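Participant: I would like to see how this sequence folds:
(chains A and B)
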Amino acid sequence: MRFGGLTAIDELSFAAPVRQITSIIGPNGAGKTTLFNCITGFYRPSAGSIVLAHPVRGSLRLETLESHRVAREAQVLRTFQNTRLFPKMTVLENMIVAQHNALQAASFFSLAGLFKLRRYRLAEKQALEQAMSWLQRLKLLEFANIAAGVLPYGTQRRVEIGRAMCADPVLLCLDEPAAGLNPRESAELNDLLLELSRESGISVLLIEHDMNVVMKISDHIVVLNYGRKIAEGAPLLVRKDPHVVKAYLGEEDFQEQRA
Amino acid sequence: MASIIQQLINGLTLGSIYGLIAIGYTMVYGIIGMINFAHGDIYMVSAFIAVTCFTLLAAAGISSVPLALLIVLAVTVAFTSVFGWSVERTAYRPLRGSTRLAPLISSIGMSIFLQNMVQVTQGARVKSIPPIITGGIDLFTRDGFNVHLAYSQIIIVMVTVALMAVFTWLITQTSFGRQQRACEQDRTMAMLLGIDVDRTISLTFMIGAALAAVAGVLVTVYYGVIDFYIGFGAGIKAFTAAVLGGIGSLPGAMLGGLVIGLIEAFWAAYLSAEYKDVATFSILILVLMFRPNGLLGRPEVEKV
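Facilitator: I've put the predicted structure just below:
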């Protein structure tokens, strides 16, 4: 991925297997968020390809899809570092709006909604049930009818994850989900992410600065620096990798540490 | 007293029409943050479609008024929505992602284009149709003043109330409404959730145009006289209504329309009929000076 003369990501390749949490780490400006933007269709990479093995639709080249189709057809969903809920909608509406695919198909662009056709009513009911079950699971039921914008930060985080889950993701990209959470919330998030990846059969991609979180829940870690992959592997291996230590601590510290 | 009630009736009728047009301004502003200055002209085009349609139906010998009215409404709404769609597609979509000012200027150009197109194809002279809905009810007479409620006024207010109800339901309860609001609050996020933002914007323009088309038909029925320039005045007044109600707020647009209609009616009756437009524009200036967020608008908090 290049912006003018700046190459933000170069020769990067890795895989994010199903039922696993793959973490992307690296210093600020390493290209982590750019990578997410490429995967989710927000940017179009200048070279290379991003392939998703979709369980129903087969293998999809994400970089060739229109932006909104990445979420709609490839079912790649993401959350943001600073949450991006629809602030004036209630929590429940936020959850339902993510499920517009099924609803839209059943509603013939809302015409059926006008006449309350059976198929539309059914789809609407299912969307509501799906939303409620996620609200329950994430302990958000009490906030269902509150405008999302007024909730505390940690709660908004959970709503955002719930909203992404409502859209039935195949690949879930989480951008620093633990940032700004207190230790207890952070621990709960760890459990939740592990549960999600093991039970739902989705691939989770995680950008995270909190190494406690990364080391605890990742199955696989990819380390970026200046847009290039400098290491990859299981948490314990990556932690000891000299390139990684160098990138994180700097050359001098690294030599001191060795000495 | 009697005269006040008469002006109340006239003002509500006029206000209903302004409110219907104002929704188009406020919806488009809400979703892409631009003032669509061509919206008044879309309304003007719809009035021409309505007149043509009434004339054709009369020539075809359809004499039943309710039937004619229904056919004209359906045809006008359909054609005007297509106009709304094409205007967005040709003049605004190519400029999306450019500066905020670009589509604004484009919309002024589109407004001039529509006016000239109608002037060239339909002629610059005033077009009129014979009154379609005649008669009314004389409510009461006091101090020699007769309070008259025309059937056309009843129809205008009833149609407006019904449309507002359907429209409110569409925006708050349906899947399209949720998508529309999602795009309004965060277009990027809506896209990342798989919502087709371009299509939602197109539909928004079509709905705005459809409501303006209903206003166009109602005005044709009410006054029976139109020309290629009516879009400008009505557009500016509806825009004022949208600003007064709080631009971006749907109930605000309806409320603003009614208030502007009432002020205009009372001003014309008690102060000066020639200077009634001065009242509207003074309100626009006062609102912009003292309450830029309007009656129902909330201050926009810029997130950092």
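
Participant: tell me the mean pLDDT for the host helix or strand of A:Ala123?
Facilitator: According to DSSP states H and E, A:Ala123 maps onto helix A:118-137. Across helix A:118-137, pLDDT averages out at 83.

Participant: Can you give me the buried ones in it?
Facilitator: Neighbour-count burial for helix A:118-137 flags A:120, A:123-124, A:127, A:130-132, A:134-135 (criterion: 16 or more other C-beta atoms under 10 Å in any protein chain shown). Quick note: C-beta positions are derived from backbone N, CA and C, even for glycine.

Participant: which SS class is the closest residue to chain A within the stretch 1-150 of chain B?
Facilitator: The minimum distance from the stretch 1-150 of chain B to chain A, using C-beta to the nearest C-beta, falls at B:Gly30 (10.8 Å). Using DSSP: H, G, I helix; E, B strand; the rest coil, the three-state assignment for B:Gly30 comes out as helix.

Participant: Average pLDDT for stretch B:230-246, rounded please.
Facilitator: Rounded mean pLDDT across stretch B:230-246 is 91.

Participant: in it, what's buried?
Facilitator: For stretch B:230-246, by 16+ other C-beta under 10 Å, it's B:230-231, B:234-246.

Participant: swap in stretch B:186-205?
Facilitator: Those would be B:186-187, B:189-198, B:200-205, for stretch B:186-205 by 16+ other C-beta under 10 Å.

Participant: Report the entries of those residues that also contact chain A.
Facilitator: Residues of those in contact with chain A (C-beta under 8 Å from any C-beta of the partner chain): B:186, B:189-197, B:203.

Participant: and which of these is nearest to A:Gly201?
Facilitator: B:Gly194 (19.8 Å; C-beta to C-beta).

Participant: Just say helix, strand or coil for that closest one.
Facilitator: Three-state assignment for B:Gly194 (three-state DSSP): coil.

Participant: For it, give its distance to A:Leu135.
Facilitator: Going from B:Gly194 to A:Leu135 by C-beta to C-beta, to the nearest Å gives 20 Å.

Participant: Quick check, B:Gly30 in contact with B:Gly248.
Facilitator: Yes - counting by C-beta atoms under 8 Å, B:Gly248 is a contact partner of B:Gly30 at 4.4 Å.

Participant: Which residue of these two possesses the greater neighbour count?
Facilitator: Neighbour count, other C-beta atoms under 10 Å in any protein chain shown: between B:Gly30 and B:Gly248, B:Gly248 has more, with 23 against 19.

Participant: was I right about the more buried one contacting B:Gly297?
Facilitator: Yes - counting by C-beta under 8 Å, B:Gly297 is a contact partner of B:Gly248 at 6.2 Å.

Participant: Of the buried residues of stretch B:186-205, which belong to helices?
Facilitator: With helices defined by DSSP state H, the entries of the buried residues of stretch B:186-205 inside them are B:187, B:189-192, B:197-198, B:200-205.

Participant: out of these, who's nearest A:Val70?
Facilitator: The closest of these, once distances to A:Val70 are taken by C-beta to C-beta, is B:Leu192, at 7.9 Å.
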